[in-house]
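J.: Give me a 3D structure for the following:
(chains A, B, C and D)
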Protein chains: 2
Amino acid sequence: MPDHATTTAPIEDPPAGKRERTKAANRQAILDAATEVFGEIGYGAATVRDIVRGTDLATGTFYNYFPDKESVLRAILEDAAPDARARVRAARLRGETVEEFIANGFRAYYEFLVEDRRLLAVLRRNAGTIRSMFDEPALGSATEDLAADIRMGIAAGYLPAVDAEVLAGAMVGAGFEIGVRMLDDDTPDVDAAVAFVSAIFIGGLQELERRAD
Amino acid sequence: MPDHATTTAPIEDPPAGKRERTKAANRQAILDAATEVFGEIGYGAATVRDIVRGTDLATGTFYNYFPDKESVLRAILEDAAPDARARVRAARLRGETVEEFIANGFRAYYEFLVEDRRLLAVLRRNAGTIRSMFDEPALGSATEDLAADIRMGIAAGYLPAVDAEVLAGAMVGAGFEIGVRMLDDDTPDVDAAVAFVSAIFIGGLQELERRAD
DNA sequence: GACAAACCTGACGCAGGCGTCACGTTTTGT
DNA sequence: ACAAAACGTGACGCCTGCGTCAGGTTTGTC
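T.: Below is the predicted model:
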């Protein structure tokens, strides 16, 4: 036990009291187990006990962190959403043409999904539940953000005057399905997926514009 | 009680014995109640008792018709699928151009959804569960049928040589989201929805073709 | 009209989830 | 080193769902 100096600063990895670290670890353990369970058997069929069994905690401890399983799902999504939203939104706005706007957005979206497949499993399995729970589509309000950006594009004259909600829905719907298929491969090709879905919507928008005349 | 003839044929609506009629009615009552419950609270959270409570039958009777709730969901989908598949498939093959192929398919799809909104609610709420349960996407194998038709189109030279699975996934994904939004309106405009989604994919395919060079 | 088969019924035993709480243990501040 | 606060633990009472089955009721048959 080398006590080589009386420096008051301990040499621990996380610079915090043990209490705080344990709390963070327990919370994360619950979220991890819940992510697994929700992705595997679905939110509706999952029980608080199923989640607890995926940790080494006791039943009672769960309730020190969350009041019920719904708040766990909320926490999972709220933990992930800000980062995902920011990344996708920033990528879109970085585009200077319609092509870039679309391709950048999908690329950021797919890169995010590749990084967190367990979250994708939750979204894939529970999209309907999440939609009805939050009264909005999965993953925060990805669709609403996209709709807002589309409205901006229309106002600026870059995009034809389509129904932004519907176009956003179509893009998220198609994008998600393509993303799922991409990730079913063991070597996901983000570039190919981006190219494909971008071509669809770039061509689709041109066609809509043509027909608007 | 006019007994105006001794014709052996009874003048009943369904030409069958009472036993058979009751059986059919009970089965249908269970399927109706289950459709309601699955659409409302989701398959995972639903219990056999929730379903039974939606009928005027006793618990035990349920088990005379179905062994468990999974088989009820299967029955709901299997009751609807053949009709839906046939209609969509027939509509598509009736098309003589790519435009018609796409538009006809979506129109048949949307008309079907308009006719049975309760089924749409089930699909919308439980798409993820259904996918993982049948190991295929919702509603029979709508996506696989579409993929097969796309492959035919590619072989015949009408369509560019894209990945049929991925294109089918995108069409179903986008089409479903657009359909959901259309049906959220109280006066669903099938024509508008068909025009929109058709324009997207017709333009998208042209763009894919262009890029294939 | 009467018997048998088919069917419906709901109470039953079992299993498991829910949220709580009294107790023991660990951490913190002094 | 000690006391107090904070937290972890798991058994407990309650409730609800599961699938069954013995008994009652309805339907078909002769």
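J.: Which helix in chain A has the most residues?
T.: Secondary structure assigned by DSSP state H gives helix A:69-94 as the longest helix of chain A.
J.: following it, which helix or strand comes up?
T.: Helices and strands here follow DSSP states H and E; after helix A:69-94, the next one along the chain is helix A:98-115.
J.: helices and strands around the longest helix of chain A, which ones?
T.: Contacts defined by 3 or more CB pairs under 8 Å, 6 or more residues apart in numbering or on different chains; DSSP states H and E place helix A:69-94 against helix A:18-41, helix A:48-53, helix A:98-115, helix A:117-134, helix A:142-155. (C-beta placed from N, C-alpha, C; glycine too.)
J.: angle of the first one against helix A:117-134?
T.: Relative orientation of helix A:18-41 with respect to helix A:117-134: 80 degrees, computed using axes from the mean of the first three to the mean of the last three CA atoms, to 10 degrees.
J.: I figured A:Ala29 hits A:Thr55, correct?
T.: Yes - contact criterion CB atoms under 8 Å: A:Ala29 and A:Thr55 qualify, at 4.5 Å.
J.: so can I have CSV of the helices and strands packed on helix A:69-94 showing mean pLDDT, distance to B:Pro67 and mean neighbour count?
T.: Converted to CSV, the helices and strands packed on helix A:69-94 look like this (pLDDT from 0 to 100; distance: least, CB to CB, whole Å; neighbours: other CB atoms under 10 Å in any protein chain shown):
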stretch, mean pLDDT, distance to B:Pro67, mean neighbour count
helix A:18-41, 96, 20, 17
helix A:48-53, 98, 24, 17
helix A:98-115, 95, 37, 20
helix A:117-134, 93, 24, 21
helix A:142-155, 92, 39, 18
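J.: Compile these into TSV and extend it with columns for distance to chain B.
T.: Shown next, in TSV, are those (distance: least, CB to the nearest CB, whole Å):
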stretch	distance to chain B
helix A:18-41	7
helix A:48-53	12
helix A:98-115	10
helix A:117-134	4
helix A:142-155	9
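J.: Of all the ones you listed, which one is nearest B:Ala168?
T.: Between B:Ala168 and the helices and strands packed on helix A:69-94, the shortest gap by CB to CB is with helix A:117-134, which sits at 17.2 Å.
J.: And that closest one, what does it pack against?
T.: Contact partners of helix A:117-134 among helices and strands, from 3+ CB pairs under 8 Å, 6+ apart: helix A:18-41, helix A:69-94, helix A:164-184, helix B:117-134.
J.: How many residues are close by the closest residue to DNA strand C within chain A?
T.: With CB to the nearest atom of the strand, the shortest gap between chain A and DNA strand C falls at A:Gly17, namely 2.8 Å. Using other CB atoms under 10 Å in any protein chain shown, A:Gly17 has 11 neighbouring residues.
J.: what residues are up against it?
T.: Counting by CB atoms under 8 Å, 6 or more residues apart in numbering or on different chains, A:Gly17 touches no other residue.
J.: measure it to A:Gln28 for me?
T.: From A:Gly17 across to A:Gln28, the span is 17 Å (CB to CB, to the nearest Å).
J.: Same check on A:Leu146?
T.: Counting by CB to CB - A:Leu146 and A:Gln28 are separated by 30 Å.
J.: And for A:Ala75?
T.: Distance of A:Ala75 to A:Gln28, computed by CB to CB: 10 Å.
J.: With A:Leu57 instead?
T.: Taken as CB to CB, the span from A:Leu57 to A:Gln28 is 12 Å.
J.: Then A:Arg87?
T.: Look at A:Arg87 and A:Gln28: by CB to CB, they are 21 Å apart.
J.: thought A:Ala113 was touching A:Arg181?
T.: In this structure residue A:113 is Leu, not Ala. No - under the criterion of CB under 8 Å, A:Leu113 makes no contact with A:Arg181, lying 11.6 Å away.
J.: For A:Phe112, which non-adjacent residue is spatially closest?
T.: Once flanking residues are discounted, A:Phe112 sits nearest to A:Ala84: 5.1 Å by CB to CB, 6 or more residues apart in numbering or on different chains.
J.: what does the model give the one you found for pLDDT?
T.: Here, the pLDDT recorded for A:Ala84 equals 91.
J.: before we move on, what about A:Leu73?
T.: Note on A:Leu73: pLDDT of 97.
J.: Kindly report the same for A:Ala16.
T.: Per-residue pLDDT puts A:Ala16 at 73.
J.: Near DNA strand C, which residues of chain A? Just list them.
T.: For chain A, the contact set with DNA strand C under CB under 7 Å from any atom of the strand comprises A:17-20, A:22, A:47-50, A:59-60, A:63, A:68-69.
J.: can you name the two of those residues that are farthest apart?
T.: Maximum distance among those (CB to CB): 32.8 Å, for A:Gly17 and A:Thr47.
J.: For DNA strand D, give me its nearest residue in chain A.
T.: Using CB to the nearest atom of the strand, the closest approach of chain A to DNA strand D is made by A:Gly60 at 1.7 Å.
J.: Return the list of helices and strands in contact with the helix or strand containing that residue.
T.: Per DSSP H and E: A:Gly60 is located in helix A:59-65. Identification of packing neighbours for helix A:59-65 by 3+ CB pairs under 8 Å, 6+ apart yields helix A:18-41, helix A:48-53.
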